[in-house]
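Colleague: Predicted model, plus sequence, below.
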Amino acid sequence: MAFGGAQPPYLSPVIPFTGVIQGGLQDGLQITINGTVIYSNGNRFAVNFQTGHNDNDIAFHFNPRFEEGGYVVCNTKQKGSWGAEERKMQMPFQRGCPFELCFLVQSSEFKVMVNKNLFMQYAHRVPFHRVNTICVTGAVQLSYISFQNTGAALIPPAFSTVQFSQAACFPPKPKGRKPKPIPFFTSIPGGLYPSKSIMVSGTVLPSAQRFYINLCSGRDIAFHLNPRFDENAVVRNTQINSCWGSEERSLPRQMPFFRGQSFSVWIMCEGSCLKLAVDGQHLCEYYHRLKNLPAINSLEVGGDIQLTHVQT
């Protein structure tokens, strides 16, 4: 269990996926699903909040359907029998494009946000505390499912996630608002401590040379993650008093980042080191060179990427 009772994320879960919600649903719990709608034979995907691993009791069935112009079906199943459908005749997802889907549990309803916009509300038909399992099926590929205790904060925003426009799809060119400018800076509330995790997701630009993720302590850079496409390397380092230390470049596998493709970096702090995963696969460990972990309290992201999600 992570600090404060927040459940660690499921990284790159294989679809169909069924996973436990530790402690069950609670008022103020927000569950965030980050993924991409894929082109497949299926025209639907579904997220079910249910009791146990079988699907006899589903408190909330969220079911986007790419049929008849696109719409979303919501329903509840009790003892194997479906109730009355609620349909929203809008489709906030696009095939081939990444999305962020958030479910905030409140005392009277679920609030559903898609790409930071409130999409719908679904009133509880059964007591939500019975729910202890999440199930995802259908035409999607997921980067992660994360859990945050928001203390029933209002949305948007419901927790310290940076607001960005939807990631670009290649092609077509992104429409609407321009992406958030980088370099981007934000604080890490409480600094680092064992079990603290940080998530950074985005899309590498097609012509990318380099980008970086820095964990900073004042003017020092405690951890510098620097994928370099021009060198086919992922460099890690620390800068103290404007002086860089020795670089770490060795990896147990090939370069995990690709031009024109989305990525998700998960950084987990442990007592002796940082553990890094990219798209759910372990990448490396980086042993702390700055030992005062709580003083490492800011995040900087820059370079040839477009950000879609930052969670500190």
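Modeller: Looks like it arrived, so ask away.

Colleague: Return the per-residue confidence for the residue most central in space within the chain.
Modeller: Nearest to the geometric centre of the chain sits N34, at 4.7 Å (Cα atoms, centre = their mean). pLDDT recorded at N34 is 90.

Colleague: Y144 is in contact with that one, correct?
Modeller: Yes: counting by Cβ atoms under 8 Å, N34 does reach Y144; the two are 5.4 Å apart. Using the backbone N, CA and C atoms, a C-beta is placed for each residue, glycine as well.

Colleague: Kindly confirm my reading that P294 forms part of a helix.
Modeller: Yes: the assignment for P294 is a helix, going by DSSP: H, G, I helix; E, B strand; the rest coil.

Colleague: I'd guessed it sits against P189; true?
Modeller: No: if you go by Cβ under 8 Å, P294 and P189 don't touch, sitting 10.7 Å apart.

Colleague: So between the two, which is more surrounded?
Modeller: Legend: neighbour count by other Cβ atoms under 10 Å for P294 and P189, higher for P294 (12 against 9).

Colleague: Identify the residue nearest the more buried one in space, chain neighbours excluded?
Modeller: Once flanking residues are discounted, P294 sits nearest to G191: 3.7 Å by Cβ to Cβ, 6 or more residues apart in numbering.

Colleague: Does the one you found touch N297 like I think?
Modeller: Yes: because the distance of 4.0 Å satisfies Cβ under 8 Å, G191 is recorded as touching N297.

Colleague: Flag the shaky bits of the protein, pLDDT-wise.
Modeller: Along the chain, the parts satisfying pLDDT under 70 run over 1-6, 151-181.

Colleague: Now do the domain split for it, please.
Modeller: What automatic domain parsing lists as the domains of the chain is 3-149, 184-311.

Colleague: Distance from the chain centre to the shortest one, please.
Modeller: Translated: domain 184-311. Relative to the chain's own centre, domain 184-311 is displaced by 16 Å; criterion: Cα atoms, centre = their mean, to the nearest Å.

Colleague: Just the endpoints, please. Distance across it?
Modeller: Counting by Cα to Cα, to the nearest Å, you get 13 Å between the two ends of domain 184-311.

Colleague: go on, stretch 83-92?
Modeller: Length of stretch 83-92, first residue to last, Cα to Cα: 24 Å.

Colleague: Could you list the buried residues of it?
Modeller: 91-92 (16 or more other Cβ atoms under 10 Å).

Colleague: For Q311, the count of nearby residues, please.
Modeller: Q311 has 20 neighbours, counted by other Cβ under 10 Å.

Colleague: got a list of what the closest residue to it other than its chain neighbours touches?
Modeller: In space, and not counting its chain neighbours, Q311 is closest to M199: 4.1 Å by Cβ to Cβ, 6+ apart. M199 makes contacts with 9, 144, 146, 264-267, 309-311, as judged by Cβ atoms under 8 Å, 6 or more residues apart in numbering.

Colleague: Return the set of residues that bridge with W82.
Modeller: K77 (DSSP bridges).

Colleague: Nearest residue to K196 in space, please, no chain neighbours.
Modeller: In space, and not counting its chain neighbours, K196 is closest to C269: 4.4 Å by Cβ to Cβ, 6+ apart.

Colleague: ok, which stretches of the stretch 201-312 of the chain are helices?
Modeller: Counting by DSSP state H, counting those that start in this stretch, the stretch 201-312 of the chain has no helices at all.

Colleague: ok, and for the strand or helix carrying V73, which residues are buried?
Modeller: Assessed by DSSP states H and E, V73 sits inside strand 71-78. Within strand 71-78, the residues that count as buried by 16+ other Cβ under 10 Å are 72, 74-77.

Colleague: In terms of secondary structure, what does that strand contact?
Modeller: Helices and strands touching strand 71-78, by 3 or more Cβ pairs under 8 Å, 6 or more residues apart in numbering; DSSP states H and E, are strand 58-65, strand 86-88, strand 117-123.
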